[in-house]
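>>> Can you look at this prediction? I've put the sequence above it.
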Amino acid sequence: HYLSILGVKKHQPSEADDELMVIVTNKPNVAADSREFLEEFSKTQVPKVSGAGLAVPDSCLSLSQKECEVVKEENSDRYYDILMTKVDVSVRSHGLYTFYKMQIVKNLGKSIYLLLTRWGRIGDEGQHQETPFPTFEECLAEFQKVFKAKTKNDYSNIENFVNHPRKYRLVPRTFRYKDQYKHIEYNFRKDSPPATLNSKVFEAILEAADPKYMEYILNDELKLDVTNSPFSFPSEESVAKGEEILAEVLKLLERVQKLRYPEDGIAITEDDENEYVEAQQRLYDLSNELHFHIPQTGFTVTKIDSISRHSEWQEWSRKLKNIKDVEVVNRIMAGSQRSPDLIHPIDYIYRSLDCGMQPLERNDPVTQYILRNIYATNDTSFTIRNIFKVTPDNQRSGKPKGKLVLLFHGIATCALLSILKRGLIEAPYGHAYGSIHGHGIYLSDNFRKAHSYARGNKCRYVALASVDLGNVFVKCRYLNYLDGPDTPKTGVDTRHVQGKQAQYPDTHEISLDGARFNLGQFWPLRKIHKEEEKEMTAKEADPDYVPPEKSCCEEDDDDDDDD
């Protein structure tokens, strides 16, 4: 169930509004449709500047773009237009994070050639120099000389470019020219062909597919440098390479930990010290690779660090997961533009999801149960606009391992379509969430708690999910008599962290679709257990919970603002 909080714009209802849910029989091929659309778009939307095609004179030039053009290589589709970067987190106090750009530009008015060189820290405009030459041959000779000095490669053999230590690396040309394309103009409110979706479902999909909000997430939230990325979002290849790097980093961090803090009674040998130094150098190299493939903004005057701690690895892992969420949404949005005259783009997006969405009526008993639970938190600062029942195409089968419980999960609007497509895979969106109690999917029986983790543009979304808790490890940080070991034992599926508030157990529980759902009022935990406080043990507090081993699903009921 997804609950849309706050207001959304009105959609002109269609005749299909009388139907609660559209039954999808033909699922679009998103991968093929998005690829074909982007390829076609790249052929038709390239701007033409003085006949120069893809390569555009740098904006820092003293000449206007109408007065000059980037020179094209003879018998080739390439231009004398190079962008290089160098990343080395081990250099000096702030690390090396620089770019170097070169162009051969022809002055159309005076028939002279300019060698433009521009350099600086990535994310900054940097400095530049314009060197005039009377002939193209002289300008080209200097261009090749500088290129060789910066990269240790011959420009004549650029197709076989080799990366060298401490030298600049070439940014792929196909990425560079993509940023010259006009932004794709999505028209999701077009009238022809008409949308067939229910108006409430239409507005929910429309809110989750906002291109401007996606751009904001990439630039301002994830702080990615997408200037040289195709169509302003990271490529699948870059994300896959980032995941490959992080997998190796994790193994190295675990090895470094053992080398630095050996078990009691084990002495550190000279070989261990040498291996430790080699592992640290490898972490530097992998960090450089990661920053090259997933460039970020915000390091103009800030230190760029290597990944030397597990917390930094976790932050990068969450970042890549969130990038993948946005990438999935962007691909679906691009695919919706493949045949806009045959199917409405919002209909296409809906059909590409692996689920159905059914809006529930206000007087539906399920709606009333959900609202009763929500308002039991004594918080009326939000307005429930819509409640949808989400039905996955492939329902999970088999006998549950433990109790089925309905719990809330705050969602970032930018990840909504990805979650509807792939399911809940990672902790809530954002680098600040999803790690205080370990790795896993965080849920709560308190709607207000989950709502505080939801992020959105015009409205917020919260999922109400049926969760198989399996074996549960219980921990309470506010009642001494409930305090148990901080570390679970064996066989755990869920870590249940009790906070300051809780609902009255059992007496106000109902069953919805086979899952427990508590409708009781929230009270301070001490008040609930006041009479039994002296006698209660951790087991008696919740006799059905079983001690655990590994956390794969986290349930966080804590209502403390510090979490």
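Perfect, I can see it now. Numbering: from 1, shown residues only.
>>> Does anything pack onto the helix or strand containing Ala247? Which helices or strands?
Here Ala247 sits within helix 236-260, counting by DSSP states H and E. Helices and strands touching helix 236-260, as assessed by 3 or more CB pairs under 8 Å, 6 or more residues apart in numbering; DSSP states H and E, comprise helix 270-293, helix 310-335. Bear in mind the C-beta positions are built from the backbone N, C-alpha and C, glycine included.
>>> residue with max distance from the center of this protein?
Pro134 (49.9 Å; CA atoms, centre = their mean).
>>> mind checking how far it is from Pro57?
19 Å (CB to CB, to the nearest Å).
>>> Longest strand in this protein, by number of residues?
In the chain, ranked by residue count with DSSP state E as the criterion, the top strand is strand 96-107.
>>> Any buried residues in that strand, and which?
Judged by neighbour count using 16 or more other CB atoms under 10 Å, the buried positions of strand 96-107 are 96-107.
>>> Ok, stretch 68-88 next?
Using 16+ other CB under 10 Å as the test for burial, stretch 68-88 gives 68-72, 79-88.
>>> May I ask which two of those residues are separated the most?
With distance counted by CB to CB, no two of these lie farther apart than Glu69 and Asp88, which are 34.8 Å apart.
>>> So the residue most central in space within the chain versus Val239, what's the distance?
Note on the chain: the residue nearest the mean C-alpha position is Asn322, at 1.5 Å, using CA atoms, centre = their mean. Between Asn322 and Val239 the distance is 10 Å, computed by CB to CB.
>>> same deal with Lys399?
Plainly put, Lys399 is 36 Å away from Val239 if you go by CB to CB.
>>> of the two, who's got more company?
Using other CB atoms under 10 Å, the more surrounded residue of Lys399 and Val239 is Val239, with 18 against 5.
>>> pretty sure Val239 contacts Lys321?
No - shown here, Val239 and Lys321 do not form a contact pair, counting by CB atoms under 8 Å, at 9.5 Å.
>>> just checking, Thr377 touches Trp523?
No - contact criterion CB under 8 Å: Thr377 and Trp523 do not qualify, at 11.1 Å.
>>> what about these two, which has more around it?
For Thr377 versus Trp523, the count of surrounding residues by other CB under 10 Å is larger for Thr377: 18 against 15.
>>> My reading is that that one is in a strand; is that accurate?
No - read with DSSP: H, G, I helix; E, B strand; the rest coil, Thr377 is coil and lies in no strand.
>>> which residues touch it?
446-448, 522 (CB atoms under 8 Å, 6 or more residues apart in numbering).
>>> Any regions of the stretch 351-500 of the chain where pLDDT drops low?
Scanning the stretch 351-500 of the chain for pLDDT under 70 picks out 395-398, 425-439, 476-490.
>>> er, the stretch 201-350 of the chain I mean
Along the stretch 201-350 of the chain, segments meeting pLDDT under 70 span 219-221, 223-235, 264-265, 298-301.
>>> try it again with 80
Along the stretch 201-350 of the chain, the model assigns pLDDT under 80 to residues 212-237, 263-267, 295-305, 322, 325-327.
>>> Between strand 96-107 and the helix or strand hosting Cys139, find me the angle.
Taking DSSP H and E as the criterion, Cys139 maps to helix 136-151. With axes from the mean of the first three to the mean of the last three CA atoms, to 10 degrees defining the directions, helix 136-151 sits at 170 degrees from strand 96-107.
>>> Flag every buried residue along helix 136-151.
By neighbour count, with 16+ other CB under 10 Å as the criterion, the buried positions of helix 136-151 are 136, 139-140, 142-143, 146-147, 150-151.
>>> Mind giving me the packing neighbours of that helix?
Of the remaining helices and strands, those touching helix 136-151 by 3+ CB pairs under 8 Å, 6+ apart are strand 81-88, strand 96-107, strand 112-121, strand 127-133.
>>> List the pairing partners of the longest one within its sheet, with orientation.
When sheet partners are counted by DSSP bridges, strand 96-107 sits next to strand 68-70 (antiparallel), strand 81-88 (antiparallel), strand 112-121 (antiparallel).
>>> For Ala415, find the nearest of the ones you listed.
Across those, the minimum distance to Ala415, taken as CB to CB, is reached by strand 81-88, at 28.4 Å.
>>> Now do the closest one against helix 270-293, angle only.
For strand 81-88 against helix 270-293, the angle between stretch directions is 150 degrees (the same axes, to 10 degrees).
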